[in-house]
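Asks: let's see this in three dimensions:
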Amino acid sequence: MLNRQLLAYVYIPIQRECDIFVSNWNSHRIRHQDDLSLPTGIPNHIFSFPEKYGGNHCGIPVTQDALEEVAEVLGLLEDNPEIYIHDERIKHACEQCLPEPSKVDSVSAKDAYLFLKQNISNDINSINSNFNSR
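Replies: This next block holds a predicted model:
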């Protein structure tokens, strides 16, 4: 459980950036290129209406109920990604070790995660001592 929370702390901000990029990219128009045999248009539209571009629907329909069931099993129903860090002590320790996870880029994310993993148990022990002494 600790590893999952540490991974969430480091990678959720990166995932947000990736989601923004994908949304922007898939909403822009791709121009015709003479030397390539690719469809032109907006990727989201091409995906939704592949037959208009010489393609086929290859997706598998998934119901909202099925998505919600999986999300419930995995504990992912909250809209706020920070909810994945369930233990306030872990969240506090993460914030102490790595105060700005949104500044971690994809290249250094692995090192940031390993840094947290290495240092977090010491920080949690220290936090426990502080909480218990109150």
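
Asks: tell me the spacing between the residue most central in space within the chain and Phe21.
Replies: The residue lying closest to the centre of the chain (CA atoms, centre = their mean) is Gln15, at 3.2 Å. Separation of Gln15 from Phe21 (CB to CB, to the nearest Å): 11 Å. Bear in mind the C-beta positions are built from the backbone N, C-alpha and C, glycine included.

Asks: three-state assignment of the residue nearest to the centre of the chain?
Replies: Three-state call for Gln15 (DSSP: H, G, I helix; E, B strand; the rest coil): helix.

Asks: just the pLDDT for it.
Replies: Note on Gln15: pLDDT of 90.

Asks: and the gap between it and Ser48?
Replies: 23 Å.

Asks: please apply the same query to Asn24.
Replies: Asn24 is 17 Å from Ser48, where distance means CB to CB.

Asks: please pull out the lowest mean pLDDT helix or strand from the protein.
Replies: Using mean pLDDT, DSSP states H and E, helix 109-132 stands out as the lowest-scoring helix or strand of the chain, at a mean of 78.
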